[in-house]
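K.L.:
the following comprises the amino acid sequence and a computationally predicted model.
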Amino acid sequence: MSRRTAREIALAALYQIDISRSSTREAFSSAISFFPGAVEKAVTYAMEIVEGVSEARQDIDAALRGVLEGWELERLPAIERNIMRMAVYEIYRRTDVPHSVSIDEAVELAKIYGSDDDSPRFVNGVLAKVLKGLPEDGTEQC
């Protein structure tokens, strides 16, 4: 399974939900159409991300707001906002994904899809601050 493909599908769906206020089902269906060769495991993982981010969005956004300095979450480019939402979801809710992998994948997505050349550095910096705020006992915050 390609988790990178899963994250790309999830990013496309989350972006559509964020921009057009589409339903999760509608956005996910649309996102999958851009990845016709995606294997079932990638599609399943992508849906888990989209549902997880959607269900915990208030908490995820609160975690991001807590580390943003000089920025408002709503004013960030939608692509970076949703890349970081996915990573925060994985950091807080997915015990099967090492934190470093979540951050590395987010940075790679920012390199590919980010709104400018500074996107990868910005995403990395914000997510590093989120990671520093994790309780040392590993309990979930969002």
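P.N.:
Yep, it's here. Numbering: from 1, shown residues only.
K.L.:
in the lowest-mean-pLDDT helix or strand in the chain, what's buried?
P.N.:
None of the helices or strands of the chain scores lower by mean pLDDT, DSSP states H and E than helix 24-32, at a mean of 94. By neighbour count with 16 or more other Cβ atoms under 10 Å, helix 24-32 contains the buried residues Thr24, Ala27, Phe28, Ala31, Ile32. Any C-beta I mention is one placed from the backbone N, CA and C, and that applies to glycine too.
K.L.:
next, Phe35: secondary structure please.
P.N.:
Secondary structure, DSSP: H, G, I helix; E, B strand; the rest coil: Phe35 is coil.
K.L.:
per-residue pLDDT, it?
P.N.:
Note on Phe35: pLDDT of 92.
K.L.:
name the element the closest residue to it other than its chain neighbours belongs to?
P.N.:
Using Cβ to Cβ, 6 or more residues apart in numbering and skipping the chain neighbours, the partner closest in space to Phe35 is Ile9 (5.4 Å). Element membership of Ile9 [criterion: DSSP states H and E] is helix 3-20.
K.L.:
next, the angle from that helix to helix 24-32.
P.N.:
Put simply, helix 3-20 runs at 130 degrees to helix 24-32, going by axes from the mean of the first three to the mean of the last three Cα atoms, to 10 degrees.
K.L.:
oh, and call the first residue 10 from now on, that's how I've got it
P.N.:
Sure, I'll start counting at 10 from here, so that last one is helix 12-29.
K.L.:
and helix 12-29, what does it pack against?
P.N.:
Here helix 12-29 touches helix 33-41, helix 49-64, helix 87-102, helix 108-122, going by 3 or more Cβ pairs under 8 Å, 6 or more residues apart in numbering; DSSP states H and E.
K.L.:
among those, show me which one is buried the most.
P.N.:
Of these, the one with the most neighbours on average (mean count of other Cβ atoms under 10 Å) is helix 87-102, at a mean of 24.
K.L.:
walk me through the domains of the chain.
P.N.:
10-63, 65-151 (automatic domain parsing).
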